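Sequence first, then the predicted structure, then my questions.
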Amino acid sequence: MTLETAPDLVDRFGRTVDYVRVSVTDRCNLRCTYCMSEQMQFLPKAQLLSLEELDRVCTAFVRRGVRHLRLTGGEPLMRRGILDLVRSLSRHLGSGALDELTLTTNGVRLREFAKPLKEAGVRRINVSLDSLDRATFARIVRSDCLPQVLDGIAAAKEAGLKVKINTVALKHDNRRDLPDIIRWAHDSGMGITLIETMPLGAVDEDRTDQFLSLTALRREMETYWTLTDLPERSGGPARYVRIAETGGKLGFITPLTHNFCETCRRVRVTCTGTLFMCLGQDSSVDLREPLRASANDDLLNAAIDRGLAAKPKAHDFLLPERGAAPAVGRHMSVTGG
Ligand code: SAM
Ligand code: SF4
């Protein structure tokens, strides 16, 4: 099978995969309580894909019809050479093979990276921000860096990047702040998506304590805001509404209280080159070995096909039970959020 004739990626349930998230590092300059433990052990650097290998994997997916690439982590702006990777991948934007090259970041290093990212072809980024209160923010991410993140967001806007905010909804830490964060995002011209905390990897806290049902929160919001469903999809699990009172867009990612796996169009590649077909399932295929075994992509494409054939119908997340082990042992920072 040559690359030119490699078929598009359609799984056994008829879903076409056209969106890939790639974790470029498992390392991070923060330690968000729901994502990592304070003493997180990172992988030996030798296990990570090189920048050239990351480029090759992404390019193989683009040649198989993938139109959206999102670089994530860990913190992607902590990966040495990240701009070289972005500049190199942007050739697929230039050729028209790719619609979008985006990035999810915690924003800490955005002041330094916003302009070069824009110049390299990135048009849109997601920035994670869980509170506008400095002390609450510091407690959640275990670092007092809210001013830096807000300055990073300002830099991104100055550079002409479109910014969307991601906020993990936490029952104790930020539940009461959520309407303010939403209003702030909309007043600043940004969309925002709320995310239910998912049981991925061991952390120091009991997640049951922090779990907040966004399906319930949405019902509550409807008592003070007018929410209108929007038809738009991002190739992922978010569902969007327009809030009449703020004029902005709000997304809900509700893997635990309402899944949308039937329309899932994405797969993920970890920083070590493992292809995961579903964030909430363990089935995976190693791409690193086929990548290293041959300079042409036949083995790599065959591995991608094996993975796709195993894409599960739906994830296995269950509503959290006190003291239960995480549904999936690996952390979000390894698989790529
Ligand atoms: N470091 C970058 C950031 O925080 O934006 C990118 C990687 S991070 C793993 C991607 C997204 O996953 C973030 O929005 C983060 O809030 C979210 N996330 C991490 N762990 C999560 C969990 N257990 N449940 C739900 N969302 C999680
Ligand atoms: Fe780092 Fe992002 Fe995980 Fe927070 S959510 S610890 S910023 S990878």
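Nice, I can see it. Ligands and ions are numbered 1, 2, ... in the order given.

Same question for Arg219, what's its three-state structure.
Of the three states, Arg219 takes helix under DSSP: H, G, I helix; E, B strand; the rest coil.

just Arg12 next, same as before
What three-state DSSP gives for Arg12 is coil.

ok, now Ala216?
Under three-state DSSP, Ala216 falls in the helix class.

so how far is ligand 1 from it?
From Ala216 over to ligand 1 the distance is 17 Å, taken as Cβ to the nearest ligand atom, to the nearest Å. The C-beta positions use only the backbone N, C-alpha and C, and glycine is treated the same way.

what do you get for Gln47?
Per Cβ to the nearest ligand atom, Gln47 is found 18 Å from ligand 1.

Can you report how many residues neighbour the closest residue to that residue other than its chain neighbours?
Once flanking residues are discounted, Gln47 sits nearest to Thr272: 4.9 Å by Cβ to Cβ, 6 or more residues apart in numbering. When counting by other Cβ atoms under 10 Å, one arrives at 17 neighbours for Thr272.

Can you name the helix or strand that Thr272 falls in?
Assigned by DSSP states H and E, Thr272 falls within no helix or strand.

if I pick it, what's in contact with it?
Leu43, Gln47, Leu48, Leu49, Arg288, Val334 (Cβ atoms under 8 Å, 6 or more residues apart in numbering).

which of those residues lies closest to ligand 2?
Taking Cβ to the nearest ligand atom as the measure, ligand 2 sits nearest to Val334 out of the contacts of Thr272, at 9.5 Å.

The lengthiest strand in the chain pairs with which strands, parallel or anti?
Scanning the chain for the longest strand, with DSSP state E as the assignment, gives strand 162-169. Here strand 162-169 has these sheet partners by DSSP bridges: strand 124-128 (parallel), strand 191-196 (parallel).

give me the number of residues near the closest residue to Cys28 other than its chain neighbours?
Among residues not flanking Cys28 along the chain, Glu75 sits closest, at 4.3 Å (Cβ to Cβ, 6+ apart). Burial of Glu75, expressed as a neighbour count using other Cβ under 10 Å, amounts to 23.

and the longest strand of the chain, is it in reach of ligand 1?
Yes: if you take Cβ under 6 Å from any ligand atom as the test, strand 162-169 does meet ligand 1, through Asn166, Val168.

the helices in the chain, which residues?
51-63, 82-89, 91-94, 110-119, 134-141, 146-158, 178-187, 207-210, 214-221, 288-293, 298-309, 332-335 (DSSP state H).

Output the strands paired with strand 162-169 as TSV; include the columns distance to Lys157.
Shown next, in TSV, are the strands paired with strand 162-169 (distance: least, Cβ to Cβ, whole Å):
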stretch	distance to Lys157
strand 124-128	10
strand 191-196	13
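
Name the residues of stretch 155-175 that are buried.
155-156, 159, 161, 163-170, 173-174 (16 or more other Cβ atoms under 10 Å).

Which one among those residues sits at the bottom for pLDDT?
Minimum pLDDT for these is recorded at Asp173 (89).

quick one, what contacts the closest residue to ligand 2 within the stretch 51-200 of the chain?
Closest to ligand 2 within the stretch 51-200 of the chain is Asn106: 3.6 Å, counting by Cβ to the nearest ligand atom. Asn106 is in contact with Cys28, Asn29, Leu30, Cys32, Glu75, Val127, Ser128, Val141, Val149, counting by Cβ under 8 Å, 6+ apart.

residues contacting the fifth one?
When the contact criterion is Cβ under 8 Å, 6+ apart, the partners of Glu75 are Thr25, Arg27, Cys28, Asn29, Leu30, Thr105, Asn106, Val108, Arg109.

can you tell me which of the residues you listed are in strands?
Thr105.

which of the contacts of Glu75 are buried?
Thr25, Arg27, Cys28, Leu30, Thr105, Asn106, Val108, Arg109.

Ala120: which of the residues you listed is nearest?
Distance to Ala120, by Cβ to Cβ, is smallest for Thr105 among the buried ones among the contacts of Glu75, at 14.1 Å.

List the beta-bridge partners for the nearest residue to Thr228 once chain neighbours are set aside.
Leaving aside its sequence neighbours, Thr228 sits nearest to Arg242 (Cβ to Cβ, 6+ apart; 4.8 Å). Assessed by DSSP bridges, Arg242 has beta-bridge partners Thr228, Lys249.

how deep is Arg242 tucked in, by neighbour count?
Neighbours of Arg242 (other Cβ under 10 Å): 15.

Contacts only, for it.
So Arg242 contacts Leu227, Thr228, Leu230, Gly248, Lys249, Leu250 (Cβ under 8 Å, 6+ apart).

which of those are close to ligand 2?
Of these, not one also sits near ligand 2 (Cβ under 6 Å from any ligand atom).

Let's have the residues you listed in TSV, adding pLDDT, distance to ligand 1 and neighbour count.
Output for these, formatted as TSV (pLDDT from 0 to 100; distance: Cβ to the nearest ligand atom, whole Å; neighbours: other Cβ atoms under 10 Å):
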residue	pLDDT	distance to ligand 1	neighbour count
Leu227	97	22	17
Thr228	97	25	9
Leu230	95	21	13
Gly248	97	18	18
Lys249	96	17	18
Leu250	97	15	24
